[in-house]
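A.B. asks: Pasting the sequence and the predicted model now:
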Amino acid sequence: MTNWWQKLRLDPFLVIMITVVILASLFPVTGSIATGFRYLTTAAIALLFFFHGAKLSRSAIVTGMGHWRLHLMVFSSTFILFPVLGLGLSFLVPEWMSPAIYMGFLYLCALPATVQSAIAFTSVAGGNVAAAICSASASSILGVFFIAGHYRFYDGNTGRT
């Protein structure tokens with residue numbers, strides 16, 4: 001008889017990620033230890049990029065750039081769908097949140113996902129890591145320009161001077 005834990009078939013990476021979040025919530029670090037963990041986090045992210053990038057060939061990256069339907073979906077959801085959903089929640093202002101908090105919420109709606117999360121989730125799902133790296137990198141670069149336009153649009157619609 002198998003137990004319920006074996007039936008779940010949880011990915012070990014997901015279990016470790018959830019465990020780390022719980023531990024960090026229960027035992028937050030401060031002071032000089034926090035500085036050490038900041039450097040450790042930066043090194044871990046750099047290693048993540050290095051190991052995923054090192055195992056990709058140039059042809060895999062070029063092929064990944066050619067998945068235009070994937071890139072169109074990522075860009076559309078990042079720069080159109082989520083900002084529109086954020087604008088659709090304007091009925092919450094001012095009853096549920098202040099206009100300043102709502103502006104921050106709209107800002108978060110326009111931000112692209114991080115490249116490291118795209119790599120991690122795509123890798124765990126067994127997807128096309130090269131295409132995910134290309135799409136996430138491009139949306140991060142384009143996000144610099146799109147977010148400025150979104151913010152200018154939002155700021156004009158909220159009546160702020």
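C.D. replies: Right, received. Where do you want to start? Numbering: from 1, shown residues only.

A.B. asks: So residue 38, which state does it fall into?
C.D. replies: Classification of residue 38 using DSSP: H, G, I helix; E, B strand; the rest coil returns helix.

A.B. asks: That one - how many residues pack around it?
C.D. replies: 11 (other CB atoms under 10 Å). C-beta: built from backbone N, CA, C; applies to glycine.

A.B. asks: And the pLDDT at it?
C.D. replies: According to the prediction, residue 38 has pLDDT 89.

A.B. asks: Which pLDDT does the model give residue 126?
C.D. replies: pLDDT, read off for residue 126, is 86.

A.B. asks: Please give me every residue in contact with the most centrally placed residue in the chain.
C.D. replies: Closest to where the C-alpha atoms of the chain average out (CA atoms, centre = their mean) is residue 113, at 2.7 Å. Contact partners of residue 113, counting by CB atoms under 8 Å, 6 or more residues apart in numbering, are 78, 136, 139.

A.B. asks: at 7 Å instead, please
C.D. replies: Residue 113 makes contact with residue 136 under the criterion CB atoms under 7 Å, 6 or more residues apart in numbering.

A.B. asks: Could you measure from it over to residue 132?
C.D. replies: Going from residue 113 to residue 132 by CB to CB, to the nearest Å gives 10 Å.

A.B. asks: Using just helix, strand and coil, how would you label the nearest residue to residue 139 once chain neighbours are set aside?
C.D. replies: Of all residues not flanking residue 139 in the chain, residue 112 sits nearest, at 4.0 Å (CB to CB, 6 or more residues apart in numbering). Under three-state DSSP, the three-state class of residue 112 is coil.

A.B. asks: got a list of what residue 112 touches?
C.D. replies: Taking CB under 7 Å, 6+ apart, one finds 78, 139-140, 143 in contact with residue 112.

A.B. asks: Which members of those are classed as buried?
C.D. replies: 78, 139-140, 143 (16 or more other CB atoms under 10 Å).

A.B. asks: Just those: which are in strands?
C.D. replies: In strands, judged by DSSP state E, none of the buried ones among the contacts of residue 112 are found.

A.B. asks: Format those residues as TSV; extra columns: pLDDT and distance to residue 105.
C.D. replies: Below are those laid out as TSV (pLDDT from 0 to 100; distance: CB to CB, whole Å):
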residue	pLDDT	distance to residue 105
78	87	16
139	88	20
140	85	20
143	86	17
